[in-house]
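> Sequence first, predicted model second:
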Amino acid sequence: MAALGGKLTKKLVENLGAGRHGDGNGLYLVVDPSGARRWIVRVVVKGQKNRKGAPLRTDFGLGGADIVTLNQARDRALEYRRMAKQGLNPRYNVRQEIPTFEEIAQQVHIDRLPTWKNPKHGQQWINTLRDYAFPKIGRMPVNTIDQPEVLMCLSPIWTEKHETAKRLAQRIKTVLDVAKSKGFRDGSNPITDIKDAQVLPKVVKKTKHHKAMNWQDVPAFYTDLKSRNAIAAKALMFTCLTGSRTAEVLGMRWAEIDFDACVWTCPPERMKGGEEHRVPLTGEMVAILEPLKDMASDYVFEGQKRNTPLSNMAMLMLLRRMKVEGVTVHGFRSTFRDWASEAANAPREVAELSLAHKVGNEVERAYARSDLLDKRRVLMERWNGFVSDNFRKVLKIG
């Protein structure tokens, strides 16, 4: 027997605001402030009493409105009411189609594809779950997962791979939160409970610094680098001169460069902080870029394939071929920062902004709108002069 019609319509289900909206016969659409929509049904179980001796009236989740249609919700609500009239508590007698943890996780990954900073980050998100969660809880119905199941995933790697474990915990929490918003779970999130109860041991984070070259050694290194014609050498020279991150340099396109103003503007999607960053271009930097225009590539530093960027390993491999030991490409940022403090006596905010670091707290940043481009240009000119000409006179930046 099909469920009878009610007060709600498909259009209302899609557009009603936050609150609990009745369809009739105990069926409600619940709309959270976040916009998430789910179905619940309220029934009175015949012959059963609550703790106060009153008839047992209970709410049951029927699933999210984005998955369960209005007619399906009415059918399920009718099934629950029939059970309740027969004295059967739906909580223990109904057959619910509860998705597995992996099914919900895969759907969350798909839903959030447009929000990932880049495809690599999106793939890392699901890979962490694939490697450490799916083998243990992937096939479990998402409503059966609690603290013991979560600990099966986290405990083995909590101390050995702590950063990975923290990311795994956050991603499991997200999946379970989404499952609850769709009506497939009740109660608190086990990740939150584990954290609040301090079930897992406290791990002292060891700061790991990128291996950097001493700033006094950079001029000789740069002279060697300048004698090489490989694109990787040009990219490493530019990275060293600008103090930029590898991804920022390798993804650089010609449209980002204003040669008249001598400014390279790196877009937000390639910046770690997610904000546009302007880099002042010096004569030494422009001298690297100008000859590369003849390649007519989409990217400034083209890789082996046409119109594709240089591999992110190319500069590191070049360092190895040059037999430069104990140094990373990212470490040149630290080298520049040490030079700015020790040799140039640069103000902290100028040096930090040159590396696209945030300076001060939120209130301070709200008032400090300038990116100090002119002062950073002076500092970069000095750094480039030191690197390329081995000119060691210290300039005090005001």
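The structure has been received and is ready for your questions.
> so the closest residue in space to Leu12 that isn't next to it in sequence, which of the three states?
Once flanking residues are discounted, Leu12 sits nearest to His21: 7.4 Å by CB to CB, 6 or more residues apart in numbering. C-beta: built from backbone N, CA, C; applies to glycine. With DSSP: H, G, I helix; E, B strand; the rest coil as the basis, the three-state label of His21 is strand.
> mind listing what His21 touches?
Neighbouring residues of His21 by CB atoms under 8 Å, 6 or more residues apart in numbering: Leu8, Leu12, Tyr28, Leu29, Val30, Val31.
> One more: Val387?
Neighbour list for Val387: Val218, Pro219, Tyr222, Cys240, Leu241, Glu284 [criterion: CB under 8 Å, 6+ apart].
> Phi first, then psi, for Pro309.
The phi and psi values for Pro309, taken as degrees, to the nearest 10, are phi -70, psi 160.
> That one touches Val249, doesn't it?
No: the pair Pro309 / Val249 is not scored as a contact, 9.2 Å apart, by CB atoms under 8 Å.
> and for these two, which residues touch both?
By CB under 8 Å, 6+ apart, the residues touching both Pro309 and Val249 are Phe301.
> Those two: who's more crowded?
Val249 (25 against 21; other CB atoms under 10 Å).
> Pull the longest helix anywhere in the chain out as CSV, backbone CA atoms only.
Counting by DSSP state H, the longest helix found in the chain is helix 162-181. C-alpha atoms of helix 162-181 as CSV (Å, rounded to 0.1, in the frame of the first residue of the first chain):
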residue,chain,number,x,y,z
HIS,A,162,51.6,11.6,13.8
GLU,A,163,50.9,14.2,11.2
THR,A,164,49.3,11.6,9.0
ALA,A,165,47.3,10.3,11.9
LYS,A,166,46.0,13.8,12.7
ARG,A,167,44.9,14.3,9.1
LEU,A,168,43.3,10.9,9.1
ALA,A,169,41.3,11.8,12.2
GLN,A,170,40.1,15.0,10.7
ARG,A,171,39.0,13.2,7.5
ILE,A,172,37.2,10.4,9.4
LYS,A,173,35.4,13.1,11.5
THR,A,174,34.3,14.9,8.3
VAL,A,175,32.8,11.7,6.9
LEU,A,176,31.0,10.8,10.1
ASP,A,177,29.6,14.4,10.4
VAL,A,178,28.3,14.2,6.8
ALA,A,179,26.7,10.8,7.6
LYS,A,180,25.0,12.3,10.6
SER,A,181,23.7,15.3,8.6
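> isn't Gly22 right next to Val30, touching?
No: taking CB under 8 Å as the definition, Gly22 is not a contact partner of Val30, at 10.5 Å.
> which of those two has more neighbours?
Neighbour totals were compared for Gly22 and Val30, and Val30 leads with 17 against 13 (other CB under 10 Å).
> Tell me the buried residues in stretch 278-288?
Arg278, Val279, Pro280, Leu281, Thr282, Glu284, Met285, Ile288 (16 or more other CB atoms under 10 Å).
> nope, stretch 318-325 is what I meant
Under the neighbour-count criterion of 16+ other CB under 10 Å, stretch 318-325 has Leu318, Leu319 buried.
> Could you name the helices and strands sitting against the longest helix of the chain?
Helices and strands touching helix 162-181, by 3 or more CB pairs under 8 Å, 6 or more residues apart in numbering; DSSP states H and E, are helix 101-111, helix 119-132, helix 147-154, helix 190-197.
> Tabulate the CA atom coordinates of the second one in PDB.
The C-alpha atoms that make up helix 119-132 are tabulated as PDB, following Å, rounded to 0.1, in the frame of the first residue of the first chain:
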ATOM      1  CA  PRO A 119      43.800  18.000  -7.700                       C
ATOM      2  CA  LYS A 120      46.800  16.800  -5.700                       C
ATOM      3  CA  HIS A 121      45.200  17.800  -2.400                       C
ATOM      4  CA  GLY A 122      41.900  16.200  -3.300                       C
ATOM      5  CA  GLN A 123      43.700  12.900  -4.100                       C
ATOM      6  CA  GLN A 124      45.700  13.100  -0.900                       C
ATOM      7  CA  TRP A 125      42.400  13.400   1.000                       C
ATOM      8  CA  ILE A 126      40.900  10.200  -0.200                       C
ATOM      9  CA  ASN A 127      44.200   8.400  -0.300                       C
ATOM     10  CA  THR A 128      44.700   8.800   3.400                       C
ATOM     11  CA  LEU A 129      41.400   7.200   4.100                       C
ATOM     12  CA  ARG A 130      42.100   4.500   1.500                       C
ATOM     13  CA  ASP A 131      45.400   3.500   3.100                       C
ATOM     14  CA  TYR A 132      44.500   3.700   6.800                       C
END
